[in-house]
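A.B. asks: Quick check, what structure comes out for this input:
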Amino acid sequence: MLEIDGDGKEMSDTAIIGAGPAGISAAMQLARYEIYPFVYEAAAPGGLLFNAGMIENYPGFPKGIEGPELAALFAAGLKNSEAVVCPEEVLSVDYGAGVFRVTAGSEADFSRLIVATGTRPVSLDSVEYDDPNTEKDIDYGIGMIRTVAGKSVAVVGAGDAAFDYALTLSKKNDIVILQRGEKPRCNEALKRRVAGSERITVLENASVEIISREEDGRFALSLCGAGCGSTNRMTADHVIAAIGRVPREIALLPGLSDNFDELVAGGRLRFAGDVINKLHRQTSIAVGDGVRSAMEIYEGKGLDG
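C.D. replies: So this is what the prediction gives:
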């Protein structure tokens, strides 16, 4: 089920859902075999790299590299791979008559599929909002506010992401980290850096109960917990929720459940990157997953349908 386009280039019957590090790496590896997949990505290629601060553990950059800069390099690699990028959100995937039917803006059939959909943030469901629009204005990353300056930012969370967001934004803003427990869940290096920042305050044992909007548009947060002391209310220009992430699932498994084990065992269905890596969400791991998925699809399983 290979097609030849107008340039004489073979377009594979393989689709990749997601253009983060895993999906991009899979596309680049397939291109080495002169197989050019269809890559679905509704947002800009690069995934969560746009939210990352300084990435210090990715080989090849001994002094580290900013997340958006690395995302741009990944995007350039995807472009050079000549994969077909479809800027659409995949709504569902079904399987029947030997093909995966991918439904996005339109429908398309493929014989092989790599799912690299990454993760989605855990929402602040336990918080009460004064208005539905207030909830919509909560940020779940720093991609949209990375360049703000002279603002106050409340970061809800105590893990690596929360502390990394705080450090990145503290270069030009004042940050308060709202930590529910007594101890942060981030790594020791992040904890030391936050402790050494004059622009970051950590409130321990502080839970957010209500988020509302002031007349001037700022957020008002009602807090509870021992760490709040006599102050149970604060205001901020921006609120970021960083309380965890879970796999970003499309309407996939119901449509594949009857054939799931067979498709995985036969090498026609692969999962790569953060969507399957639970706590081991690292760019280098996602890259390896993507390359391995592409190799397994190309190698012993065949591309002849």
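
A.B. asks: quick one, phi/psi of Lys151?
C.D. replies: Backbone geometry at Lys151, expressed as degrees, to the nearest 10, gives phi -110, psi 170.

A.B. asks: who are the neighbours in contact with it?
C.D. replies: Going by Cβ atoms under 8 Å, 6 or more residues apart in numbering, Lys151 touches Asn173, Asp174, Asp237, His238. (Glycine included, C-beta is placed from N, CA and C.)

A.B. asks: and the first one, how many neighbours?
C.D. replies: Neighbour count for Asn173, taken as other Cβ atoms under 10 Å: 20.

A.B. asks: And the one 4 residues further on, by the same measure?
C.D. replies: As a burial measure, the neighbour count of Ile177 was computed by other Cβ under 10 Å and equals 25.

A.B. asks: what helix or strand does it sit in?
C.D. replies: Using DSSP states H and E, Ile177 sits within strand 174-178.

A.B. asks: Break down the stretch 201-305 of the chain into its strands, ranges please.
C.D. replies: According to DSSP state E, counting those that start in this stretch, the stretch 201-305 of the chain carries its strands in the segments 207-213, 219-224, 233-236, 238-241, 245-247, 269-271.

A.B. asks: For the fourth one, buried residues please.
C.D. replies: Read it as strand 238-241. Residues of strand 238-241 classed as buried by neighbour count (16 or more other Cβ atoms under 10 Å): His238, Val239, Ile240, Ala241.

A.B. asks: before we move on, the earlier item: mind putting the strands of the stretch 201-305 of the chain into a markdown table with mean pLDDT?
C.D. replies: Output for the strands of the stretch 201-305 of the chain, formatted as a markdown table (pLDDT from 0 to 100):
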| stretch | mean pLDDT |
| --- | --- |
| strand 207-213 | 94 |
| strand 219-224 | 93 |
| strand 233-236 | 94 |
| strand 238-241 | 97 |
| strand 245-247 | 92 |
| strand 269-271 | 91 |
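
A.B. asks: Which neighbours in the sheet does the strand or helix carrying Phe100 have, and how are they oriented?
C.D. replies: Using DSSP H and E, Phe100 sits in strand 99-103. With DSSP bridges as the test, strand 99-103 is paired with strand 92-96 (antiparallel), strand 107-110 (antiparallel).

A.B. asks: so where is this protein shaky, pLDDT-wise?
C.D. replies: The model of the chain has pLDDT under 70 over residues 1-12, 226-231, 251-255, 300-305.
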